[in-house]
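Undergrad: need coordinates for the following:
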Amino acid sequence: MSTRTLTFGGTTYPLILPTLRDPRLHVAAVILTIHLLGQTVLDFRLSIPQILAAILTCAVIEVTLTFRHSRSFVWPASAMLTGSGVALILRYVGTPPGDHWTFEGWYLFAAIAGLSLLTKYVIRYRGSHVFNPSNVGLVVAFVVLGSSVIEPLDFWWGPLDLWMAIAYAVIIVGGSLITRRLRLLGLAISFWVSFAILLGILAASGHCMVANWAFAPVCGVDYWRVITFSPELMIFLFFMITDPKTAPSGQVGRIAFGMLVAAASVLLMAPQTNEFGAKVGLLAGLVLMCAVRPILDRVLPEPRSAADDVRAFTARLATGGTPAAGALRVAGRVAVGVVAVLVVGVGIVVAGTPARGLVLANPETGLNRSVARIDPSTLPPITVGEDVANWDSELATQGMQDVVVTLAENLELESQALLSRDPDLLTKVDHGDRLAEMQARLQAAIDTGTTTVDHYQFDAMDVSLLVPFGMQTGLSLGFHSQGTVIHETYDADGNVQGQTSEPFDLVFAVRRATGDRWLNVGVLPPSAGS
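TA: Here you go, the predicted model:
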């Protein structure tokens with residue numbers, strides 16, 4: 001830190017600024033670079049006012065508390081890291097991609113970041129804070145507010161192109177250099193290796209999860225690959241687990257801590273059937289292990305002591321501390337270790353039972369299709385784009401008619417859901433942004449007593465691959481369609497009050513988001529399909 005002075009009202013106060021060698025500035029440079037990529041090329045659903053609300057709230061709180069304690073103005077480097085970390089992970093539901101200046105939900109970013117920072121001063125043990133501030137604050141916020149209000153950053157950021165490669169390079173190279181300098185690289189590696197092995201056990205058991213960016217439930221090898229190599233996981237291991245103030249200070253303790261956080265995170269992720277639960281489970285693993293860290297400090301070697309050597313400690317575990325231990329004793333201790341690993345693996349598989357196979361029950365269950373039966377002969381010929389044919393030739397040549405029929409049925413079932421005031425029916429035909437839109441229309445119909453439904457008559461239709469809501473939402477089928485839409489208005493008693501019609505030119509996005517049935521995920525302007 002470099003010290004200067006500020007003078008107010010005739011009183012001089014020290015001004016303490018960080019030096020260029022301060023590792024907190026290096027961490028800040030990495031995170032701010034990711035923020036910059038997110039705003040310019042990665043389509044993060046995050047705005048600059050939301051980011052600033054989190055960072056400035058933490059900065060003001062830290063400067064105020066530090067001044068009251070020391071009568072000095074100290075640059076709030078750690079607090080600003082907490083704020084930028086919260087903003088990087090936190091998403092306010094409904095924030096559109098590409099809207100860099102929206103103020104939607106800014107107050108939540110400020111409140112969650114501020115509460116995260118305050119945990120440093122409220123929850124302490126032996127003169128130091130117990131939890132990584134941004135980590136514990138985010139977990140509490142996700143649990144309390146739920147996925148209808150906020151959610152974590154997605155595991156999948158987009159296809160691996162030049163900009164994603166740059167993002168990976170910034171996180172991995174920057175994180176490795178910083179953690180190596182802080183002697184925390186071993187912790188990061190032990191976490192990642194352990195996590196990859198344990199998540200592999202979970203994935204091999206047939207685990208699945210629903211994700212907004214996925215064309216269908218993410219299962220097995222795809223589940224393991226997406227999460228193990230997720231840039232969000234890299235941020236978690238390089239910039240949350242490796243917080244020097246909350247990680248053990250001994251080398252043995254750090255390796256053990258990384259392995260235990262991996263085990264706790266996978267165990268908490270195992271029963272989760274959707275990405276929100278999986279991401280909260282991942283983050284909560286660190287909260288849990290930070291809470292029990294004082295116990296680890298008591299049973300592991302004293303930091304910087306002769307016993308604090310990873311190889312020597314491993315050897316002592318195998319031999320029981322006796323240099324001349326017999327082969328039988330060594331084999332017994334190895335067997336105990338193998339049994340412990342098996343117990344953890346079995347526990348993960350058992351915990352993952354709710355998310356095995358298809359994530360949700362059959363979406364056709366309870367679906368009365370007779371009220372929305374579509375005659376395929378009434379639908380126009382479908383022009384299939386070359387990108388669809390290259391992506392899935394069987395779907396393009398044999399299955400597309402069935403998809404179009406399902407799309408038309410879904411639109412009619414949306415109208416039935418509005419008229420019957422049935423929110424459950426909407427969840428059987430819609431997902432993501434379209435579900436949120438139709439739920440809002442249903443609530444408006446309940447509040448006003450007036451319901452307007454739409455009936456679509458298709459004249460022309462072509463289909464192509466579509467990324468409907470920004471890079472992070474993944475692929476959908478986009479049906480660019482023209483025809484006539486009939487709007488019918490009903491009163492509270494279900495009587496028709498009026499009818500109008502008009503031509504339409506729209507793109508209908510569909511995806512198998514939760515299983516075998518195709519669900520409507522968006523209705524967009526024609527430019528979305530070009």
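Undergrad: distance-wise, check residue 282 relative to residue 131.
TA: Residue 282 sits at a distance of 15 Å from residue 131 (criterion: Cβ to Cβ, to the nearest Å). C-beta: built from backbone N, CA, C; applies to glycine.
Undergrad: ok, these two, which is more surrounded?
TA: residue 282 (28 against 24; other Cβ atoms under 10 Å).
Undergrad: can you say which helix or strand has that one in it?
TA: Using DSSP states H and E, residue 282 sits in helix 275-299.
Undergrad: helices and strands around that helix, which ones?
TA: If you count contacts as 3 or more Cβ pairs under 8 Å, 6 or more residues apart in numbering; DSSP states H and E, helix 275-299 packs onto helix 133-145, strand 150-152, strand 208-209, helix 231-239, helix 251-269.
Undergrad: average pLDDT for the very next helix or strand once past the second one?
TA: Toward the C-terminus, strand 150-152 is succeeded by helix 162-181 as the next helix or strand (DSSP H and E). Per-residue confidence for helix 162-181 averages out to 95 on the pLDDT scale.
Undergrad: next one: helix 162-181 to chain centre, how far?
TA: In terms of Cα atoms, centre = their mean, to the nearest Å, the centre of helix 162-181 is set 19 Å apart from its chain centre.
Undergrad: so the helix or strand that that helix is followed by versus helix 275-299, what angle?
TA: Using DSSP H and E, the helix or strand that follows helix 162-181 towards the C-terminus is helix 185-204. Calculated by axes from the mean of the first three to the mean of the last three Cα atoms, to 10 degrees, helix 185-204 forms an angle of 130 degrees with helix 275-299.
Undergrad: could I have the CA atoms of helix 185-204 written out in CSV?
TA: C-alpha atoms of helix 185-204 as CSV (Å, rounded to 0.1, in the frame of the first residue of the first chain):
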residue,chain,number,x,y,z
LEU,A,185,-2.5,-23.4,-7.1
GLY,A,186,-2.3,-26.8,-5.4
LEU,A,187,-5.7,-26.2,-3.8
ALA,A,188,-7.2,-25.3,-7.2
ILE,A,189,-5.8,-28.4,-8.9
SER,A,190,-6.9,-30.7,-6.0
PHE,A,191,-10.4,-29.3,-6.2
TRP,A,192,-10.7,-29.6,-10.0
VAL,A,193,-9.2,-33.2,-10.2
SER,A,194,-11.4,-34.4,-7.3
PHE,A,195,-14.5,-32.6,-8.8
ALA,A,196,-13.9,-34.1,-12.2
ILE,A,197,-13.7,-37.7,-10.8
LEU,A,198,-16.7,-37.4,-8.5
LEU,A,199,-18.9,-35.6,-11.1
GLY,A,200,-17.8,-38.4,-13.5
ILE,A,201,-19.3,-41.0,-11.1
LEU,A,202,-22.5,-38.9,-10.9
ALA,A,203,-22.7,-38.5,-14.7
ALA,A,204,-22.0,-42.3,-15.3
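Undergrad: three-state assignment of residue 246?
TA: coil (DSSP: H, G, I helix; E, B strand; the rest coil).
Undergrad: er, residue 509 actually
TA: Applying three-state DSSP: residue 509 is strand.
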